[in-house]
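Peer 1: structure for this input, please:
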Amino acid sequence: MNIKHISLTSLAIACTTVPFTSTANPLEKTTFKFSGYIKADAMVSQYSDGTLSSGSIGRDFYIPSLTPSGGEKESAQFDAHIKQSRFRFTTNTLLSNNDKITGVLEFDFHTTPDGNERISNSYEPRIRHAFLKYNNWLIGQTWSTFQDVKTLPESLDFIGVTDGTIFARQTMLKYTSGAFEVSLENPETTVTPFGGSGRIVADDNSVPDLAARYTLNQSWGHVSIAGLVRQLAYEDKQDGNDIDTSEAGYGLSITSKIKFGEDDLRIMANIGSGLGRYIALNASNGAVLDANNKLDAIDVRGFTIAYRHLWDEKWRSTFSYAMFSADNDTDLTGLGVIKETYSARANILYSPAPELTFGAEYAYAEKTLESDVDGDMSRLQFSATYAF
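Peer 2: So this is what the prediction gives:
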């Protein structure tokens, strides 16, 4: 067919065969919302056994695996940044079939590779959430179903109780029915090489991770139980290697937020084999290679507890503790891997208005390797937040 000879009449006739004939502009039935917050942080950090170099993400927020150990103590480090600031776009559209669809797109400025503190402190935005919700379905990137966001305590740090917390955002297909949620989520395997030197980030999974959650909501708060089943997989046929191995991983998470008048207690207990990147920001890998190049899942556990107290309508505090531990087979991993970490923190926050909060927080954290070499961190953090 010669495209040059198609007439406008024939194009008009062709258009009439399209089943959907509505000429309504979708924007006319769409509402838009813009929200987020501006947050400035300043912190002074002191490490007992080393230091973190300029640009290290561990200087922006607490990452258990990055606490220095086995080095020489240096002077305190001062840092200030606005990277936790975020903005969120939400749309709600009434479709022609009278169903509703919701879209969410959210950004912040953490963990991006570009930007520095030498001149302009410029940082690229990164996507946190990007998903659509239609009826009982969610498609896109958001919090893992294995994570209970409602039990995260109020902290000046980006996460706070990082050691014992399930924390993951990824692309998924999720179905929700009342209190029950189930999802298929993007997989990724992290592996400790035989002997324990470094980390292998494999992308060899053939099936998605499966997560499910049930939440019981009551007047006193909620309790929730979640499970995870995943495939750990690693394949390497390069440079004479002959590695093609997989192993099953699983996890169980029980979380609760209990109200005591205006105060509340938040608890998280997590345990599993091969959880890897899901807990403590990947303080331990999902599995280790043995001498025969087979994966052996690593057992881990984590626990957090946080109590929030309102002193009055403008002042409040949260006191929290979190721990993580791994059962490493040191014959496979060596002694240089993390055995356990923990952190404790206390803060005071003042909100002269609901949209504006000033805060101060003290945190202490410690990391111990299987060799019993350890190191600790003390950090004093201040912040100002304007939410809109």
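Peer 1: can you confirm residue 150 is in a helix?
Peer 2: Yes: the assignment for residue 150 by DSSP: H, G, I helix; E, B strand; the rest coil puts it in a helix.
Peer 1: how about it: what's its closest non-neighbour residue?
Peer 2: Of all residues not flanking residue 150 in the chain, residue 257 sits nearest, at 5.8 Å (Cβ to Cβ, 6 or more residues apart in numbering). (Each C-beta comes from the backbone N, C-alpha and C, glycine too.)
Peer 1: residue 37 too?
Peer 2: Here the residue nearest residue 37, using Cβ to Cβ, 6+ apart, is residue 387, at 4.1 Å.
Peer 1: just checking, residue 302 touches residue 279?
Peer 2: Yes: under the criterion of Cβ atoms under 8 Å, residue 302 makes contact with residue 279 at 5.1 Å.
Peer 1: could you name every residue contacting both of these two?
Peer 2: 164, 165, 166, 270, 324 (Cβ atoms under 8 Å, 6 or more residues apart in numbering).
Peer 1: my guess is the residue nearest to residue 150 contacts residue 266, does it?
Peer 2: Yes: the pair residue 257 / residue 266 is scored as a contact, 5.0 Å apart, by Cβ under 8 Å.
Peer 1: spit out the residues that contact these two alike.
Peer 2: With Cβ under 8 Å, 6+ apart, residue 257 and residue 266 have common neighbours residue 151.
Peer 1: let me see the ranges of the helices in the stretch 151-300 of the chain.
Peer 2: Using DSSP state H, counting those that start in this stretch, no helices are found in the stretch 151-300 of the chain.
Peer 1: how many residues are close by residue 105?
Peer 2: 17 (other Cβ atoms under 10 Å).
Peer 1: beta partners of residue 46?
Peer 2: residue 378 (DSSP bridges).
Peer 1: residues contacting it?
Peer 2: 76, 77, 377, 378, 379.
Peer 1: return the distance of residue 285 relative to residue 332.
Peer 2: To residue 332, residue 285 is 11 Å away according to Cβ to Cβ, to the nearest Å.
Peer 1: so the two - more neighbours on which side?
Peer 2: Shown here are residue 285 and residue 332; by other Cβ under 10 Å, residue 285 has more neighbours (30 against 19).
Peer 1: isn't residue 274 up against residue 287?
Peer 2: Yes: applying Cβ under 8 Å as the test, residue 274 and residue 287 come out as touching, 5.8 Å apart.
Peer 1: common neighbours of these two, please.
Peer 2: With Cβ under 8 Å, 6+ apart, residue 274 and residue 287 have common neighbours 232, 247, 249, 297, 298.
Peer 1: let's see which of the residues you listed end up in strands.
Peer 2: 232, 247, 249, 297 (DSSP state E).
Peer 1: OK, contacts around the closest residue to the second one other than its chain neighbours?
Peer 2: Once its chain neighbours are removed from consideration, residue 247 has its nearest residue in residue 295; the separation is 4.0 Å (Cβ to Cβ, 6+ apart). Taking Cβ under 8 Å, 6+ apart as the criterion, residue 295 is in contact with 191, 232, 233, 234, 245, 246, 247, 287, 288, 289.
Peer 1: the same query, at a cut-off of 10 Å, please.
Peer 2: 189, 191-192, 202, 232-234, 243, 245-249, 274, 286-289 (Cβ atoms under 10 Å, 6 or more residues apart in numbering).
Peer 1: could you do residue 207 as well?
Peer 2: So residue 207 contacts 184, 187, 229, 230, 231, 233, 246 (Cβ under 10 Å, 6+ apart).
Peer 1: bridged to residue 86, which residues?
Peer 2: Beta bridges link residue 86 to residue 37 when assigned by DSSP bridges.
Peer 1: returning to that earlier point: a markdown table for the contacts of residue 207, including pLDDT and neighbour count?
Peer 2: A markdown table is the format used below for those (pLDDT from 0 to 100; neighbours: other Cβ atoms under 10 Å):
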| residue | pLDDT | neighbour count |
| --- | --- | --- |
| 184 | 98 | 16 |
| 187 | 98 | 20 |
| 229 | 98 | 15 |
| 230 | 98 | 28 |
| 231 | 98 | 19 |
| 233 | 97 | 22 |
| 246 | 97 | 18 |
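Peer 1: still on that earlier bit, you'd agree the residue nearest to residue 150 is up against residue 304?
Peer 2: No: between residue 257 and residue 304 there is no contact under Cβ atoms under 10 Å: 11.8 Å.
Peer 1: these two: which is more packed in?
Peer 2: Using other Cβ under 10 Å, the more surrounded residue of residue 257 and residue 304 is residue 304, with 26 against 22.
Peer 1: the helix or strand the more buried one falls within pairs with which strands?
Peer 2: Taking DSSP states H and E as the criterion, residue 304 maps to strand 299-310. When pairs are called by DSSP bridges, strand 299-310 turns out to pair with strand 263-273 (antiparallel), strand 315-327 (antiparallel).
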